[in-house]
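got a structure for you, letters missing:
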DNA sequence: CGACAAACCTAACGACTTTAGGTTCAGGCC
DNA sequence: GGCCTGAACCTAAAGTCGTTAGGTTTGTCG
């Protein structure tokens, strides 16, 4: 077996692929080493420890997700942008379930301050701008949006919606309609009666 | 050391307490056995294996959550019931973070068909009835509700909202307002323009 | 050519899950 | 009381993981 000639990036990408293929819980250093044709201990040359590997996957996914969102919402605004934004999330969660699960875990401090995180936050704000919310309400709208999209996709990913009729697809459309409605008529002051 | 005289229920409850106290990831059979003053292998008399233990905690939490929701929404309807329903979720997630995390994992087949799951589903439907949605829309509303509440609490639990100003409390109120608005004006047919 | 750093290895430890088989204890029955 | 039976608990052992320590190979650059 020739040298694998790994780098930190290659290890993290392979870890993400493994998580997608065998499930996030199967993301073990030993399994990863096997797949890379290398001894487990050798991975420590590229990654500090297991938690750093998970953080790496988290950050990788963050960047990839931002990379998928950007072209999707480009040139659109309002409802169309919202649908594209959420759709990019859903596509990503389906195509990369392991990476998606990694995203659901608490982010490391370094990840929070990473460029990838900033980019995703920027894209979210860019999308929300179309709704012309008051500046002070942007945070709340962002949180509601994140909660709804992530919540829906997490429930869908772990089978909470079963495979019952009607399809989750219809519920997804309803959820996006609801978000659009809420964002368009966001309370501007005090509590509307 | 006298006999512990454990039962399956006692083991599962202790596991839930351990998860709340030390974090869900620290929920190991060995740690549980230590806490119970028993050898690890002895736990296998009460629990099939680790995954069954997690399933047990999941189901326990499901029942407890339903038990907290029922009195909260009793006698209320509409917006008030919604706030009580969601509030019970939030209280539970904060008081029992380990149990809450267990709830976020895929449910075992047996859990899906359990009475606890049915009870929680029933309470959710009971709460939603106050909004008098068309029968065929109930599923979609349930899913949106679950997505938003679970999504918000998961993000809050893993620190995604940071400890930044403004407080998540305000965002929580906004989210509930949004849900109430959406449920009150749920599209009854076709897509409203 | 020779040094140096990065990539990789073997060996070992401790923690964990799980199985197999043996021991203790309490309650019911003759 | 003596005994049987099942539940509760134990020891022992195998196998997987994560992690550290220290040694070996390999490519590159002066």
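Yep, that arrived. Just so you know, these numbers come straight off a predicted model, no measurement behind them.

quick one: buried residues of stretch A:110-123?
A:111, A:114, A:116, A:117, A:119, A:120, A:123 (16 or more other CB atoms under 10 Å in any protein chain shown). Any C-beta I mention is one placed from the backbone N, CA and C, and that applies to glycine too.

whoops, I mixed them up, stretch A:133-145
Here stretch A:133-145 shows A:133, A:137, A:138, A:139, A:140, A:141, A:142, A:143, A:144, A:145 as buried, counting by 16+ other CB under 10 Å.

Is it positioned near chain B?
Yes - contact of stretch A:133-145 with chain B (CB under 8 Å from any CB of the partner chain) involves A:136, A:137, A:139, A:140, A:141, A:143, A:144.

contacting residues for the second one?
For residue A:137, the contacting residues are A:186, A:187, A:188, B:174, by CB atoms under 8 Å, 6 or more residues apart in numbering or on different chains.

Try it again at 7 Å.
The contact partners of residue A:137, taken as CB atoms under 7 Å, 6 or more residues apart in numbering or on different chains, are residue A:186.

what does the third one give?
Residue A:139 makes contact with B:166, B:171, according to CB under 7 Å, 6+ apart.

What distance do you get for it to residue A:125?
10 Å (CB to CB, to the nearest Å).

anything in contact with each of those two?
By CB under 7 Å, 6+ apart, no residue touches both residue A:139 and residue A:125.

And what about residue A:166, helix, strand or coil?
Recorded secondary structure, residue A:166: coil (DSSP: H, G, I helix; E, B strand; the rest coil).

check which helix or strand covers the closest residue in space to it that isn't next to it in sequence.
Once flanking residues are discounted, residue A:166 sits nearest to residue B:139: 6.3 Å by CB to CB, 6 or more residues apart in numbering or on different chains. Residue B:139 belongs to helix B:138-157 when assigned by DSSP states H and E.

Give me the contact status of the following helix or strand past that helix with chain A.
On the C-terminal side of helix B:138-157, the closest following helix or strand by DSSP H and E is helix B:168-184. Yes - interface with chain A: helix B:168-184 contributes B:170, B:171, B:174, B:175, B:177, B:178, B:181, B:182 (CB under 7 Å from any CB of the partner chain).

if we can go back for a sec, just want the angle from the helix holding residue B:139 to helix A:138-157.
If you take axes from the mean of the first three to the mean of the last three CA atoms, to 10 degrees, helix B:138-157 sits at 120 degrees to helix A:138-157.

Please list the residues of chain A that sit near chain B.
Going by CB under 7 Å from any CB, the residues of chain A near chain B are A:105-106, A:139-140, A:143-144, A:146-148, A:150-152, A:154-155, A:158-159, A:161, A:166, A:170-171, A:174-175, A:177-178, A:181-182, A:187, A:191.

ok, back up a step: between the buried residues of stretch A:110-123, which is nearest residue A:13?
For the buried residues of stretch A:110-123, the residue nearest residue A:13 by CB to CB is residue A:116; the value is 14.3 Å.

residues contacting that closest one?
Counting by CB under 7 Å, 6+ apart, residue A:116 has contacts A:59, A:62, A:63, A:66.

Can you select the buried ones among the residues of helix B:168-184 next to chain A for me in PyMOL?
Per 16+ other CB under 10 Å, the buried members of the residues of helix B:168-184 next to chain A correspond to this PyMOL selection:
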select buried, chain B and resi 171+174+175+177+178+181+182
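
now the residues of helix B:168-184 next to chain A in JSON lines, with pLDDT?
Formatted as JSON lines, the residues of helix B:168-184 next to chain A follow (pLDDT from 0 to 100):
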{"residue": "B:170", "pLDDT": "96"}
{"residue": "B:171", "pLDDT": "97"}
{"residue": "B:174", "pLDDT": "97"}
{"residue": "B:175", "pLDDT": "98"}
{"residue": "B:177", "pLDDT": "97"}
{"residue": "B:178", "pLDDT": "97"}
{"residue": "B:181", "pLDDT": "96"}
{"residue": "B:182", "pLDDT": "96"}
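
Alright, calling it a day.
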